[in-house]
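Enquirer: for reference, the sequence and a predicted model appear below.
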Amino acid sequence: MKLSEIASKLGCTFEGDGDLEILGVATLEEAESGQITFLTNLKYKSKLQTSAASAVIVANNYVSDGKHSMALLRHGNPYLKFAQAIELFYTAPEMPAGIHPTAVIAPTATLGKNVKVGPHSVIWDDVVIGDDVTIHPNCVVYPGAQIGSGSTLHSNCVVREYVVLGERCTLQNGAVIGADGFGYAKQADGSWYKIRQSGRVVLGDDVEVGACSTIDRATIGETRVASGAKIDNLVMVGHGSRIGENTLLCGQVGLAGSTIIGRNAMLAGQVGVTGHLSIGDNAVITARSTIWRSVPANEVINGSIPACDSRSWLKSSAIFLQLPQLQKNVRELQAKIGVFESQQAPTENL
């Protein structure tokens, strides 16, 4: 594909040979001649000098230092354009049309147009599936569930009873939506009585759930994930939680029950949130933070135990590295104070 054609499809302006043939996309380090790459962080600008890429997508205000010869594509959001460039060269293989003969479809299930169901998948009673849904092999959809148009379930997914998936949702391999929440009441003999989880899970439109992630059904009411939210692999969403629009939950995040997260928030890897807390709109929780209090909107939170605002955590981290020397200094001062006090002690009259 010619560079000028790529620029037109991506809505970029370009500088260089418009007839340059581009064969694919790659990172700065791995790109070869004939490939296009991207630069979003200027601290990696020096890598352009050694990259073999033929073209690079950069920001509109990028200033070339003249130390590389590759063509430029300019846009206000170069990372987005790189993501879209990948789609120009790579198309994922599609599952064959129709219902595989080994799939089991209950007679009371309702399937829309152009639905694909792979081998050994099971669609139980009263399930409603919209148009253009793809269900890969070995998936199970429990009774009464609803799957919106354009959604995709990759292999080994489970959608439990009465779960609702919006349109264009994607469940990666092994995701479980609507499993029982973790709820037990202690009995007089010390054993645990299981609390029936009678609620459901509702996913909005354009929600993606990563591989082997779980979203538990509510004890009563709903666990809800709003439209546009993206959930990474190995994430646990506890029963009765609510996740706002366009929020990101990165790998190994764990939300205890009844957690409420606002819109456009981001929880980095291995963040843990104790139950019945709220995290405000646009909040950012950095990796491995433990959240034990509610977080207001727009805050950036760092730290393991306890988590605190980002500036305080950075100051504390700097002090932490100095603790051995500070301890030594304190001990030396204590010794000097002890000597001084002994010298100043009043002499008893003989």
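Expert: Good, I have the coordinates. Numbers count the residues shown, from 1 in each chain.

Enquirer: now do the helices in this protein.
Expert: Secondary structure of the chain, counting by DSSP state H: helices at 3-10, 78-89, 310-321, 323-344.

Enquirer: let me know the angle separating the third one from helix 323-344.
Expert: Translated: helix 310-321. 70 degrees (axes from the mean of the first three to the mean of the last three Cα atoms, to 10 degrees).

Enquirer: need the contact partners of helix 310-321.
Expert: Residues outside helix 310-321 that contact it (Cβ atoms under 8 Å, 6 or more residues apart in numbering) are 286, 299-303, 307-308, 326. Where you see a C-beta, it was placed from the backbone N, CA and C, and this is true even at glycine.

Enquirer: go on, the first one?
Expert: When contacts are taken as Cβ under 8 Å, 6+ apart, the neighbours of helix 3-10 outside the stretch itself are 12-14, 16-22, 36, 55, 57, 71, 73, 75, 81, 84-85, 88.

Enquirer: just the buried residues out of those residues, in PyMOL syntax.
Expert: A single PyMOL command suffices to select whichever of the contacts of helix 3-10 are buried according to 16 or more other Cβ atoms under 10 Å:
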select buried, resi 12+14+16+20+22+36+55+57+71+73+75+81+84+85+88
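
Enquirer: Gly183: neighbour count?
Expert: A count of neighbours around Gly183, defined by other Cβ atoms under 10 Å, yields 18.

Enquirer: ok, now which ones touch Asn246?
Expert: So Asn246 contacts 227-230, 263-264 (Cβ under 8 Å, 6+ apart).

Enquirer: and if we set it to 6 Å?
Expert: Neighbour list for Asn246: 228, 264 [criterion: Cβ atoms under 6 Å, 6 or more residues apart in numbering].

Enquirer: can you check the pLDDT for Glu348?
Expert: If you check Glu348, the pLDDT there is 55.

Enquirer: before we move on, back to that, in strands only, show me the contacts of helix 3-10.
Expert: The strands, defined by DSSP state E, take in 13-14, 36, 55, 57, 71, 73, 75 from these.

Enquirer: ok, those vs Leu42, which is closest?
Expert: Ile57 (13.9 Å; Cβ to Cβ).

Enquirer: report the contact partners of the closest one.
Expert: Neighbour list for Ile57: 38, 73, 78, 81-82 [criterion: Cβ under 6 Å, 6+ apart].

Enquirer: try 7 Å
Expert: By Cβ atoms under 7 Å, 6 or more residues apart in numbering, the contact set of Ile57 is 12, 36, 38, 73, 75, 78, 81-82, 85.

Enquirer: return the helix or strand in this protein with minimum mean pLDDT.
Expert: Ranking every helix and strand in the chain by mean pLDDT, DSSP states H and E puts strand 308-309 at the bottom, with a mean of 78.

Enquirer: touching that strand from outside, list them.
Expert: Here strand 308-309 has contacts from 299, 301, using Cβ under 7 Å, 6+ apart.

Enquirer: could you export the contacts of helix 310-321 as TSV, including neighbour count?
Expert: Formatted as TSV, the contacts of helix 310-321 follow (neighbours: other Cβ atoms under 10 Å):
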residue	neighbour count
Thr286	17
Glu299	16
Val300	15
Ile301	24
Asn302	21
Gly303	20
Ala307	23
Cys308	16
Leu326	12
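
Enquirer: can you list these in a markdown table and add distance to Asn61?
Expert: Formatted as a markdown table, these follow (distance: Cβ to Cβ, whole Å):
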| residue | distance to Asn61 |
| --- | --- |
| Thr286 | 28 |
| Glu299 | 29 |
| Val300 | 25 |
| Ile301 | 31 |
| Asn302 | 30 |
| Gly303 | 35 |
| Ala307 | 36 |
| Cys308 | 35 |
| Leu326 | 45 |
